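> quick check, what structure comes out for this input:
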Amino acid sequence: MTTQHETRHDTYYTVRKGDTLSAIARRCDTTVKQLQIWNHISDVDVIHPGQRLIVAKHDDFVPFPGKDWFAGMPNSPIILMMAYRLIDEGCNSYPGNVEGVSPRWDEDHRNSYAKWQRKLGYSGSDANGVPGRTSWDKLRVPFPD
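Have a look, this model is predicted:
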């Protein structure tokens, strides 16, 4: 049973017996200080089972669509927005620079995303070009207009 839930704007975690704020922060790739800010927690030693915590803020960024979405070779403006962010981050494997970018997930997107993963320190099969939640969230892909 999962204890993490995502909405369009935020990801929540439901505290279980034995959880600590530092363990939740590590698990959710954030910091204790950030959890304190998002959840108005003054004492890091006081959390309760059943308490619902914000563990990620998506603001106006596209939440991770899931690995299966990419396997379906989507044709979406989200892919274009991802490509523009990858180019901004210097992770460009697109022919013809911006003019060569397609809204359909393809090998150029995969190669560019693999560059992003390597920039984040991933290697081997963790840098295969298929987005994962952590690398996607760090890319901060804005919603298309």
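> mind listing the helices for the protein?
21-27, 32-39, 67-71, 77-88, 107-119, 133-139 (DSSP state H).
> flag the shaky bits of this protein, pLDDT-wise.
The model of the chain has pLDDT under 70 over residues 1-9, 58-60, 97.
> and of the helices of the chain, who's closest to residue 61?
Residue 61 lies closest to helix 133-139 among those, at 7.8 Å (Cβ to Cβ). (Each C-beta comes from the backbone N, C-alpha and C, glycine too.)
> how far is that closest one from where the chain is centred?
With Cα atoms, centre = their mean, to the nearest Å as the basis, helix 133-139 stands 3 Å off its chain's centre.
> buried residues in it?
Residues 133, 135, 136, 137, 139 are the ones in helix 133-139 that count as buried (16 or more other Cβ atoms under 10 Å).
> can you check stretch 43-63 too?
47, 53, 54, 55, 56, 58, 61, 62, 63.
> can you check the distance spanned by stretch 20-31, start to finish?
Terminal residues of stretch 20-31 are spaced 12 Å apart (Cα to Cα, to the nearest Å).
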